[in-house]
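Asker: Whatever this is, show me its structure:
(one chain, ligands or ions: 1)
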Amino acid sequence: MNENPAVRRLADWDAERLRDLADAHETPTYILDLGRVRENAARLREAFPDADLAYAVKANTTNAVLETLEATGVDAECAAAGEVKRALDAGFDGERIRYTAVNPPDRDLDYISEVARAHDIVVTVGSEDSLDRMAERGFQGQLCVRVNPGVGAGHHAKVQTGAEPKFGVPYDRATAVVERAREVGDLVGIHAHAGSGISGDDLSAHEEFVARMGDLAREVGDLEFVAVGGGFGVPYHEDEPPLDLHAVAAATREALGDVSARMAIEPGRYFVADAGVLLATVNTVKETPETTVVGIDAGMTTLIRPALYDAYHAVRSLEPDVPRKRVVDVELAGPVCETADVLARDRPLPEPTRGDLLAIGNAGAYGYEMASNYNSRPRPAVVALDHGDDRLVARREDLTDLTRLEH
Ligand code: LLP
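Answerer: Presented below is the predicted three-dimensional model:
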């Protein structure tokens with residue numbers, strides 16, 4: 001058996017263990033297997049042995065995940081002051097942190113210019129204006145310029161960044177902004193991210209975007225790294241093949257061409273997606289002329305990806321009598337009073353009944369991280385598994401938490 005398979009499917013999780021965890025911690029609860037996070041890091045490292053490897057922490061900033069990845073030696077790619085603070089708190093040295101904010105608020109830049117004095121953080125700017133704003137704060141440290149490569153990629157229009165004007169310096173202005181950055185501080189790199197969900201089916205957009213970064217690197221010269229983003233897709237459908245990391249690595253290297261700088265990659269999802277499942281309980285079952293509506297205690301405030309991106313997540317019943325149940329097509333609906341709050345439609349499941357425990361797969365990335373309090377729903381608990389133990393790493397919010405910030 002492969003010790004570190006390319007994917008952990010929802011079917012691979014031990015149902016009895018998950019049932020015990022649901023008994024102990026109730027639902028909805030995210031389960032995060034830190035051992036699997038380490039395995040994902042090891043496979044990335046193996047496929048990209050000479051690249052700078054960072055974790056885009058936005059996928060899951062739980063301290064348990066950050067500490068786990070810090071210990072594996074990967075760097076931290078941060079998109080906000082809060083993420084930088086969390087990375088520092090989790091033990092990342094400043095030299096291992098890159099801050100790549102989009103339209104950063106003044107408050108973020110104040111914090112960053114302050115901590116960057118004590119910790120050698122690389123600050124990536126996506127506009128000339130943000131470069132000026134760092135210069136105004138007396139920043140003279142390590143800088144990187146984020147470029148808009150004009151090529152997007154990704155699983156949904158809402159996560160394609162490469163050609164979106166919001167992100168990065170326009171490609172034809174990049175050289176000028178790099179030169180200007182060299183006047184302000186120590187220009188160490190250039191950066192771009194095309195989008196999320198690179199799939200093995202077609203790497204052409206990824207290759208085109210990386211090739212453009214290679215061209216730019218050769219043009220501006222004298223760089224320590226060229227960061228070509230993250231976006232490595234994971235198989236959300238159970239029958240989808242996993243990404244061939246070695247093929248992506250080879251295509252990326254080849255597209256980048258001959259550059260003296262190191263290549264840097266910064267996946268987020270790939271590190272954590274299949275290390276997490278969301279446990280939910282069936283609250284209510286309703287037959288309607290259109291479908292069987294299965295109401296569960298997790299919804300768009302627990303896992304927003306289906307509502308926001310029409311994302312598919314595998315669902316599995318963890319009931320022991322599953323083999324004896326007939327399979328029916330159901331709509332899995334959350335408890336939020338909003339039409340978008342449906343986690344799955346037309347989904348075949350062993351006929352659910354009230355109290356059944358369900359697991360939702362690939363929930364480790366952008367799940368808990370994007371949870372909200374809409375409809376005054378308390379956020380779920382998070383339990384980490386490690387070396388055979390389980391521990392509560394984020395407690396479930398209760399009703400009193402909902403008003404704790406109000407005067
Ligand atoms: N680098 C930058 C600059 C990014 O903006 C992102 C993601 C990443 C790296 C990591 O991308 P990943 O490897 O995780 O795909 N909430 C969406 C994904 C939004 C990603 C935004 N930026 C989702 O749930 O699919």
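Asker: is the ligand contacted by the lengthiest strand in the chain?
Answerer: Counting by DSSP state E, the longest strand found in the chain is strand 276-287. No. On the criterion C-beta under 6 Å from any ligand atom, strand 276-287 is out of touch with the ligand, staying 12.3 Å away. To be clear about C-beta, it is placed using only N, CA and C from the backbone, and glycine gets the same treatment.
Asker: Now do that strand: which elements does it pack against?
Answerer: In terms of contacts (3 or more C-beta pairs under 8 Å, 6 or more residues apart in numbering; DSSP states H and E), strand 276-287 is packed against helix 15-25, strand 29-33, strand 292-296, strand 357-360.
Asker: among these, which is nearest residue 385?
Answerer: Across those, residue 385 has its closest neighbour in strand 29-33 (4.6 Å, C-beta to C-beta).
Asker: returning to that earlier point: dump the helices and strands packed on strand 276-287 to CSV, plus mean pLDDT and mean neighbour count.
Answerer: Listed next are those as CSV, based on pLDDT from 0 to 100; neighbours: other C-beta atoms under 10 Å:
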stretch, mean pLDDT, mean neighbour count
helix 15-25, 98, 15
strand 29-33, 99, 26
strand 292-296, 98, 20
strand 357-360, 98, 25
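Asker: now these in a markdown table, with distance to residue 2?
Answerer: Shown next, in a markdown table, are the helices and strands packed on strand 276-287 (distance: least, C-beta to C-beta, whole Å):
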| stretch | distance to residue 2 |
| --- | --- |
| helix 15-25 | 21 |
| strand 29-33 | 16 |
| strand 292-296 | 33 |
| strand 357-360 | 22 |
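Asker: And these: which comes nearest residue 8?
Answerer: Going by C-beta to C-beta, the one of those nearest residue 8 is strand 29-33, 7.9 Å.
Asker: relative to strand 276-287, how tilted is the closest one?
Answerer: Orientation note: strand 29-33 sits at an angle of 150 degrees relative to strand 276-287 (axes from the mean of the first three to the mean of the last three C-alpha atoms, to 10 degrees).
Asker: Neighbouring strands of strand 29-33 in the sheet, and parallel or not?
Answerer: Strand 29-33 has the following strand partners under DSSP bridges: strand 276-287 (antiparallel), strand 381-386 (parallel).
Asker: angle of the longest one against helix 15-25?
Answerer: In this structure, strand 276-287 runs at an angle of 80 degrees to helix 15-25, with the same axes, to 10 degrees as the basis.
Asker: Show me which parts of strand 276-287 are buried, residue by residue.
Answerer: Buried residues in strand 276-287, defined by neighbour count with 16 or more other C-beta atoms under 10 Å: 276-283.
Asker: I figured residue 351 hits residue 326, correct?
Answerer: Yes. Assessed by C-beta atoms under 8 Å, residue 351 is found in contact with residue 326 at 5.6 Å.
Asker: Now the spatially most central residue of the chain: closest residue in space that isn't a chain neighbour?
Answerer: Geometric centre of the chain, nearest residue: residue 59, 2.4 Å, by C-alpha atoms, centre = their mean. Spatial nearest neighbour of residue 59, chain neighbours left out: residue 268 (3.3 Å); criterion: C-beta to C-beta, 6 or more residues apart in numbering.
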